[in-house]
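K.L.:
This is the structure alone, sequence omitted:
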């Protein structure tokens with residue numbers, strides 16, 4: 001019997017052929033698809049320089065930056081943000097602990113300014129240190145040197161590929177400004193969004209607004225040109241070549257060739273057509289990550305308490321996905337994997353733990369020094385407000401009446417009371433978990449699986 005198509009596709013010969021493709025060949029293929037002429041490089045621009053945005057651009061610089069006639073990589077961040085003395089001292093320690101970084105800075109005649117900053121004789125700025133490969137939100141992981149542009153118009157006006165590394169709370173404002181610089185363009189660039197936040201719109205009907213939707217509204221770029229990349233990834237680990245994977249979601253025209261272009265031996269990029277749902281799930285897991293950090297901080301990392309919390313939060317996420325997706329079972333793997341790594345080591349879990357231990361306070365806001373924007377806070381507000389709308393009411397599982405969906409999400413409710421309304425301290429999350437009236441998580445999952453909850457308009461989709 002002959003081999004099947006799948007057996008041939010994943011045979012050793014196929015794997016060798018497709019794993020050994022050179023960066024030159026990948027770049028040539030993308031340039032051909034984009035219609036680039038000889039001597040006209042593919043211009044890749046990162047917008048926003050948080051940890052993941054900086055790492056993503058640095059990986060592209062590492063892979064393609066040496067091919068200067070064919071690819072040009074740069075990143076935009078705002079100018080003028082000073083590096084405080086404590087961070088400058090820590091940065092100096094990091095530099096001197098890495099011989100390769102130390103030699104690089106000496107070779108570039110850039111070391112002295114870090115000595116002066118360590119002594120308090122000079123103020124460094126975030127855009128300045130990023131040029132030397134140091135992201136303010138991730139000082140302990142030096143990157144490659146990057147071309148940094150602080151003028152937004154200069155950065156994006158001729159871009160072929162734009163990588164959105166902004167939090168959702170800043171995406172609309174920045175891309176509305178960008179749209180002014182693209183008015184005279186004949187063709188729009190490809191936009192890859194890394195942002196995992198979401199916002200809520202309540203009128204004319206309740207719906208979630210994702211960063212890719214914000215970008216499309218602001219710029220008018222064709223939907224097929226806007227993609228989302230997400231996965232269970234920690235930025236510093238990825239740059240240190242820990243094995244990771246991600247999904248590039250969007251229209252087939254660009255997602256398949258770009259997934260191939262972005263793929264690296266330690267960073268596997270798959271492609272998927274369901275953009276909005278994956279993007280929303282990326283925001284949803286941040287909600288529950290904050291609570292996981294609180295539980296860990298309040299119980300001295302009790303494995304039992306964390307497992308109880310995990311059971312309840314995953315059952316709520318499953319319930320919510322049944323409202324958002326027609327085939328929610330397809331999201332189980334990606335959502336749980338992303339949730340797992342975020343609960344383990346993500347900034348949202350870290351934030352919840354610091355709140356619980358009294359090392360951070362809500363009054364300090366959700367943009368935290370050394371970490372950047374804690375997107376789970378705005379996501380808590382968005383999902384709570386969305387699921388509180390009477391137009392989304394569902395049948396009570398035991399009584400003959402209708403209730404808003406948030407009534408079946410006790411963890412989301414307590415997180416909203418702690419983080420947004422500030423009615424209760426973080427300790428209240430343990431009281432919620434220990435509430436004897438709380439339903440078995442299994443029952444919530446059964447309710448979701450046995451009732452027709454799907455609301456396509458929540459993601460801006462039409463009911464068929």
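P.N.:
Right, received. Where do you want to start? None of the values given here were measured: they were computed from a predicted structure.
K.L.:
does residue 37 sit in a helix, a strand or a coil?
P.N.:
coil (DSSP: H, G, I helix; E, B strand; the rest coil).
K.L.:
Give me the below-cutoff pLDDT ranges for the chain.
P.N.:
Residue ranges of the chain with pLDDT under 70: 1-20, 328-335, 451-452, 460-464.
K.L.:
tell me the SS of the closest residue to residue 423 other than its chain neighbours?
P.N.:
Among residues not flanking residue 423 along the chain, residue 417 sits closest, at 4.7 Å (Cβ to Cβ, 6 or more residues apart in numbering). (Each C-beta comes from the backbone N, C-alpha and C, glycine too.) Residue 417 falls in the helix class when you classify it by three-state DSSP.
K.L.:
What separation is there between residue 79 and residue 195?
P.N.:
As judged by Cβ to Cβ, to the nearest Å, residue 79 and residue 195 stand 22 Å apart.
K.L.:
Settle it for me: which of the two has more neighbours?
P.N.:
Ranked by neighbour count (other Cβ atoms under 10 Å), residue 79 and residue 195 place residue 195 first, with 30 against 13.
K.L.:
From the chain's centre, how far out is the helix or strand containing residue 319? Work that out for me.
P.N.:
Using DSSP states H and E, residue 319 maps to helix 303-324. From the chain centre to the centre of helix 303-324 is a distance of 20 Å (Cα atoms, centre = their mean, to the nearest Å).
K.L.:
Past it, which element shows up next along the chain?
P.N.:
Helix 303-324 is succeeded, C-terminally, by helix 332-345 (DSSP H and E).
K.L.:
elements contacting the next helix or strand after that next one?
P.N.:
Using DSSP H and E, the helix or strand that follows helix 332-345 in sequence is helix 347-356. In terms of contacts (3 or more Cβ pairs under 8 Å, 6 or more residues apart in numbering; DSSP states H and E), helix 347-356 is packed against helix 275-298, helix 332-345, helix 375-387.
K.L.:
If we use 10 Å, what do you get?
P.N.:
Applying 3 or more Cβ pairs under 10 Å, 6 or more residues apart in numbering; DSSP states H and E, we find helix 347-356 packed against helix 275-298, helix 332-345, strand 367-368, helix 375-387, helix 410-419, helix 428-433.
K.L.:
Compute the inter-axis angle for it and helix 410-419.
P.N.:
Interaxial angle of helix 347-356 relative to helix 410-419 (axes from the mean of the first three to the mean of the last three Cα atoms, to 10 degrees): 60 degrees.
K.L.:
Quick one: the strands in this structure, in order.
P.N.:
42-47, 71-76, 148-149, 161-164, 190-193, 199-201, 207-209, 226-230, 244-249, 267-272, 367-368, 372-373, 394-395, 402-403 (DSSP state E).
K.L.:
Count the residues that sit near the nearest residue to residue 75 once chain neighbours are set aside.
P.N.:
Leaving aside its chain neighbours, residue 75 sits nearest to residue 46 (3.8 Å; criterion: Cβ to Cβ, 6+ apart). Counted with other Cβ under 10 Å, the neighbours of residue 46 add up to 32.
K.L.:
quick one: residue 46 from residue 58, how far?
P.N.:
Separation of residue 46 from residue 58 (Cβ to Cβ) stands at 9 Å.
K.L.:
check contacts around the closest residue to residue 114 other than its chain neighbours.
P.N.:
Excluding the flanking residues, the one nearest residue 114 by Cβ to Cβ, 6+ apart is residue 92, at 5.4 Å. For residue 92, the contact set (Cβ atoms under 10 Å, 6 or more residues apart in numbering) comprises 111, 114-119.
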